[in-house]
Structure formats: C-alpha cells, structure tokens
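Q: can you look at this prediction? I've put the sequence above it.
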Amino acid sequence: MNSEWSLKELYSGYEDPAFLADLAGLEEKIAEYNKAAGALDREKPAQSIHNLLVASDAVSELSGKLYSFCSLQEYANSADKQAADYCEKIRKLQQERTRAVVAFEKFVAEVDDLEGVTASDELLKEYAYRLCRMKEGAAHNLSEEVEEAVAKLELSGASAWEKQRSYLTAMLKVDYDGKELTLPDIRNLAYDKDPSVRRAAYGAELASYAKIRDAAAFSLNNIKQQTLTMIKLRHYASPLEETLWQSRMKRETLDAMFTAMREYFPKFRQYLRRKGELLGHKNGLPWYDLFAPMGGSSRRFTAQEAKDYLVGIFGGFAEDLAAMVERAFDEAWIDFYPRKGKQGGAFCADLYCVRQSRILTNFDGTLSDVVTLAHELGHAYHNQQIFENRIGNTGYPMPVAETASNFNETIVMDAAIAAAEGEERLGLIESQLQDVTQIMCDIYSRYLFETAVFEKKEDGFLFADELDGLMLAAQKEAYGDGLDPEFLHPGMWINKQHYYFSGLNFYNFPYAFGGLFARGLYAQYREEGAAFLPKYRSLLKATATCSVEDAAAMAGIDLTKPDFFEKSLKSYADRVDEFLSLTEGMR
C-alpha cells in the first residue's frame, strides 16, 4: 500500500508530453469558447446556448485535469515552485474567457422563454437548473469589462493572500521538546494519551503562531476586505447572503438549524464538563484536553488496519461503497502522513477526467484519523454518484457537500459502538461526541467569529490581538461553561484555512448542516433498510442539479422548520446521556 497518492493517472510529470500538449490544448479550447460566445445569436437561442455549453464542457474537462494535477502537487509539497507557477498559468488562461462567460450569462438572462428554449434541446434539458440559476443570478453580475478586470486582479489579490497563509502554515516550524515539528505533527499530539504531552503541544502550537500571526492577519484582512468590496458591487446585502445564494440554501433553513442547535447546546456542554471532571479539571474542559482519548478510544491503527476496518463496516451498508474504499487504498488515492511542506488537515478532490478522487490526510493512527478517512471517503462516494452527470452538472453546494462524508462517519461510529462493551464502548461514544461537539460548538464558534470579522472589518484593519479577542469571544459563546475560559484557543483563526478561501465565505455552517442532515438520513436508512440505498444514491447525484431544500424533499424532509434538526440532535443528545450514565461515579 502506497503512503502517498498517485497522480500518474493524470500525468507522469511536468515534462510529460501529454501534460504539455493539454496545456497548449487548453488555450485552443478557450479560444473556441470565446469564438462561440462571439457568435451568440438571439434569433437562435437554443443553438447558441447549446454551442456554448459544449465549448464550456470541453474547457472544464481539460482545465480540471491540468489544475488538479498541479494543485495536488502543491498541496503535497508547498515548496513545489513548478506546481505554483503552473496553477497560476492555468488560472490566467481561464481568465481569458471571463468576458465571454459574462456575455453568455447575460445572453441567457435575456432569453424571454428560457423554459421553452431549454425544453427544445436534449443537452439544454440536462442543464436546465444551471441555466435557470444563471438567469436568476444575472442581477449580481458586473459588466464584461469589470468582470475581466476583477478576475485578473484576483491573482494578486485575495488568491495571493490565501496562498501566503497556506505557505506560512505549511512551512511553520514548531519548537517542541528540543525538536522542530510541523504544524500537523504538533496538532496530532492533541490526541496523545499522556496529559503532559497534550498540554505541552498546546502551548507549543500557540507559541509558534507568534512567528506568523501578523502576516496571517494581513492575509485575512485583505481577503475579507475584497469580499466586502465585491458584495457591494454585486448588490448583495451581506457576505452571508452571497454565501446562501452560492449554497442554494434559504435563510429560513439556516435559521431553523441554528435554532435547534442553540436549544441543544446545554446538553453538549454537559458532556464537556463531565469529561473535564473525569480528567481532573474543576472549571470546565481546557482546550488542550478536548481530544484527550478516553476508554477504548486509544486504539491505534496502521493504514492497512484502517482499510480492513472501513471495508468491513461499509460492506454491511453498501457493497459499492466498500468496493470503492478498497480501490482508494489499493490504487493510491490517499496521501496519508504528515511531512514538511505538506498542507495540514484533510480534504478530498474529485478527478472527473478519470472518475476517481484523491484524498489528503495527516494520518497518525488514532480512531479519529480513521473517522477522518471515512469522512473523506464519503466525499469520494458522493463524487462517484456525481460522475454520472455531465461535467457542468458536477458542482454541488457547500451544505450538501458534507452529506455523504458525515453519513460515512455515522455508519462507522454507530457500527463500532454497537459492537463494543465496557471501556471500549465508553471510548467509542466519547470519540463520537468529540466529533459531534466539533460540528456543533466549534463550527458555531467559527460562524460567530467570521460574522464578527466582517462586521468589524467595516471599521478598519483588524490586528492580530483583536482577531485573537474575537476568536476567544466566539468560543466562549459557543462552548459556554463547557470549556475552561482560561484555556481556549485564540490562534484558531490562523489554523483554519476555511477563513482564507478566496471567494468562499462562511465555510463553517455547512459542516453543521452536513452532520445533522446525514444523521437524519441515517435514521431513515435504519427504518427502511436496503430500500433506502437507491434513494440515497439518487439524492447525492441530484445535489448538483437542485437546491438544498429540493434535495432534502426527495427524502420527505422540510428543512425550513427546526423539527428535522431537532430530531437529529435528539439522537446525539441520547449519546450524551449514555456517556453521563456510563461515567457516573467515575469522578
């Protein structure tokens, strides 16, 4: 089993003749797209739109293959200058069709009977939802000239600041116990069974941020300032409104979810306080013990053991999922271990061109790491369903992007808990509660922090100390008395890359939504059994071609009411009650 992912399915390297030929071919495809945009004919709307969509698909397939290869190389090694150079070249090439894209969107928006035109062509029927969104979103588009200028300035604007922060954290050296560790290495020590190691690692992590905090603050300020400038130009009321539009989600759905979450926060704080007491703390759980292993959760896994464990569990749910997981391990879809220069965290990238995915993790062998693998493999399974669509119908919004990943987590943890007894059961329940508390309290704190940053940014520059303060305030509100207020994590705004995504804001609440949505779907699976699987696959496939609410409606769910979210949270609250019962008298 390889420890690093394979990209040879794309290209053998930057000197690969196929890579160089495709790079040249991309320029040709973009030129063809621009030519098609110049030939738009209002007397022939169906044919014009058809031609543009064909040209767009051709550009997307080729640019997706090229950019995936280069960006994945860069994620695996931030010092890879060629990867960075080629990523920038591809982005610049893509910007050469900005005017044409805007012209196409404007053309579609001005078609009077778009529904009738769409119905007249088989390709247009497949892209009906995308075209409808294009027409509805026209009010937020700028002129062709301005959109082109914005796209070009992006390279030296928010995108450049995002890259700076990624480079800083990837190359950061953390001083610990006479050694220099990477940031992922030091954060993995939060799961160590030795309390002195956890606390020392926490201190070392916070101290290390002093080396980059001012630079990170400049990155965050400039990214958020660009966002605020652009939403005004595009006539959005706020960054959140833009994000909800991008997410294909109603504000009523977000409010319903937060209403239910706030109702259940006290239950999760009970869990945190009890864990703190079990570890000898009297004033709530300190941050450095959030991920302290308990009971049987201290089990360690090799990569092979993780594979066997996941294949076995998923085989009891769906054979096609288990088979895909086996392929992911055997065919080098996964880059497992931390190393200098490698991006921290975990993600899954879709490779539409070869109908595969690639997964980056920083695997250290804990159960939490195995659950992270399950999570990312859920994204890969979602991709497998989406790959049945045309490439222009493969983009699904942030909230439903976390559906299959969290569904996988639920399968793994519930199966493991059901088979366990005694200390092992306690450990597994506690591990699940760790993860659920992250998508509840921590995600909410991130939402609160980003909201505050946008509000404060209107008044001026936010220096690192102020950002620390906003983060602490958000954590106190979200975690309440569950955490020790003397030991929070003011530097989390530096650590979490989601705050720095150019053009993508509030990448936090989708994790909470995904967790609760998946939990509710899992409950439905438990009721329906195998009959649920075709419905589940169809729902995942449809997430790229409908709104969040319409996707949920396929399973008979109304997301605009708190009821569904409360039902999901009640099942988690039952886990908290079981944890409290199992640990009664252990203090």
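A: Thanks, I have the structure now.
Q: show me the chain divided up by domain.
A: 17-142, 299-396 (automatic domain parsing).
Q: turn those into a markdown table, columns for mean neighbour count, distance to residue 525 and mean pLDDT.
A: Placement of C-beta: from N, CA and C, glycine included. Shown next, in a markdown table, are the domains of the chain (neighbours: other C-beta atoms under 10 Å; distance: least, C-beta to C-beta, whole Å; pLDDT from 0 to 100):
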| stretch | mean neighbour count | distance to residue 525 | mean pLDDT |
| --- | --- | --- | --- |
| domain 17-142 | 17 | 26 | 94 |
| domain 299-396 | 20 | 8 | 94 |
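Q: now those domains in JSON lines, with distance to residue 430?
A: Formatted as JSON lines, these follow (distance: least, C-beta to C-beta, whole Å):
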{"stretch": "domain 17-142", "distance to residue 430": "32"}
{"stretch": "domain 299-396", "distance to residue 430": "10"}
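Q: show me the one of those domains that comes nearest residue 446.
A: domain 299-396 (13.7 Å; C-beta to C-beta).
Q: just give me how far the closest one sits from the chain centre.
A: Centre-to-centre, domain 299-396 and its host chain are 14 Å apart (C-alpha atoms, centre = their mean, to the nearest Å).
Q: then stretch 190-207?
A: Per C-alpha atoms, centre = their mean, the centroid offset for stretch 190-207 relative to its chain is 26 Å.
Q: over to stretch 105-112?
A: Taking C-alpha atoms, centre = their mean, one finds the center of stretch 105-112 at 32 Å from the center of the full chain.
Q: about what we covered before: looking at the domains of the chain, which is nearest to residue 3?
A: domain 299-396 (5.1 Å).
Q: for that closest one, measure first residue to last.
A: When the termini of domain 299-396 are compared using C-alpha to C-alpha, to the nearest Å, they are 35 Å apart.
Q: what of stretch 175-190?
A: End-to-end distance (C-alpha to C-alpha), stretch 175-190: 15 Å.
Q: in CSV, list the C-alpha atoms belonging to stretch 254-274.
A: Listed next in CSV are the C-alpha coordinates belonging to stretch 254-274 (Å, rounded to 0.1, in the frame of the first residue of the first chain):
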residue,chain,number,x,y,z
LEU,A,254,-30.0,28.2,8.2
ASP,A,255,-32.1,29.9,11.0
ALA,A,256,-34.0,26.7,11.6
MET,A,257,-30.8,24.8,12.1
PHE,A,258,-29.2,27.3,14.4
THR,A,259,-32.5,27.5,16.4
ALA,A,260,-32.3,23.7,17.0
MET,A,261,-28.6,23.8,17.8
ARG,A,262,-28.9,26.6,20.4
GLU,A,263,-31.6,24.5,22.1
TYR,A,264,-29.2,21.6,22.4
PHE,A,265,-26.0,23.4,23.3
PRO,A,266,-26.6,22.9,27.1
LYS,A,267,-26.5,19.1,26.5
PHE,A,268,-23.2,19.2,24.8
ARG,A,269,-21.8,21.4,27.5
GLN,A,270,-22.8,18.7,30.0
TYR,A,271,-20.6,16.3,28.1
LEU,A,272,-17.7,18.7,28.1
ARG,A,273,-17.9,19.4,31.8
ARG,A,274,-18.1,15.8,32.6
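Q: ok, residues contacting it?
A: 244, 284-285, 433, 436-437, 440-441, 444, 478-483, 509, 512-513, 516, 559-562, 564-566, 569, 572-573, 576, 579-580, 583 (C-beta atoms under 8 Å, 6 or more residues apart in numbering).
Q: whichever of these end up buried, select them in PyMOL.
A: Entered in PyMOL, the line below selects the buried ones among the contacts of stretch 254-274, by 16 or more other C-beta atoms under 10 Å:
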select buried, resi 244+284+285+433+436+437+440+441+444+478+479+480+482+483+509+512+513+516+559+560+562+564+565+566+569+572+573+576+579+583
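Q: just the ones in helices from the contacts of stretch 254-274, please.
A: 244, 433, 436-437, 444, 478-479, 509, 512-513, 516, 562, 564-566, 569, 572-573, 576, 579-580, 583 (DSSP state H).
Q: now do the contacts for residue 486.
A: Counting by C-beta under 8 Å, 6+ apart, residue 486 has contacts 283, 286.
Q: check what pLDDT it gets.
A: What the model reports for residue 486 is a pLDDT of 96.
Q: need the three-state assignment for it.
A: Under DSSP: H, G, I helix; E, B strand; the rest coil, the three-state class of residue 486 is coil.
Q: please shift the residue numbers so they start at 741 in all later answers.
A: Yes, from this point I'll number from 741; that puts the last item at residue 1226.
Q: ok, the residue nearest to residue 1174 when sequence neighbours are not counted - contacts?
A: Of all residues not flanking residue 1174 in the chain, residue 1031 sits nearest, at 6.0 Å (C-beta to C-beta, 6 or more residues apart in numbering). Residue 1031 sits next to 930, 931, 938, 1108, 1174 when contact means C-beta under 8 Å, 6+ apart.
Q: may I ask which helix or strand encompasses residue 822?
A: helix 821-835 (DSSP states H and E).
Q: quick check: which helices or strands does that helix pack against?
A: The contact analysis (3 or more C-beta pairs under 8 Å, 6 or more residues apart in numbering; DSSP states H and E) places helix 821-835 against helix 757-778, helix 785-816, helix 884-894.
Q: ramachandran angles for the residue nearest to residue 1040 when sequence neighbours are not counted?
A: Nearest non-adjacent residue to residue 1040, counting by C-beta to C-beta, 6+ apart: residue 1105, 4.3 Å away. Per-residue torsions, residue 1105: phi 90, psi 0 (degrees, to the nearest 10).
Q: is it correct that residue 1315 is in contact with residue 1169?
A: Yes. Contact criterion C-beta atoms under 8 Å: residue 1315 and residue 1169 qualify, at 5.9 Å.
Q: neighbour-wise, which of those two wins?
A: The residue with more neighbours, out of residue 1315 and residue 1169 and counting by other C-beta atoms under 10 Å, is residue 1169; that gives 25 against 19.
Q: now do the same contact list for residue 1194.
A: 964, 967, 968, 978, 979, 1245.
Q: of the residues you listed, select the buried ones using a PyMOL command.
A: Buried residues within those, by 16+ other C-beta under 10 Å, are selected in PyMOL with:
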select buried, resi 964+967+979+1245
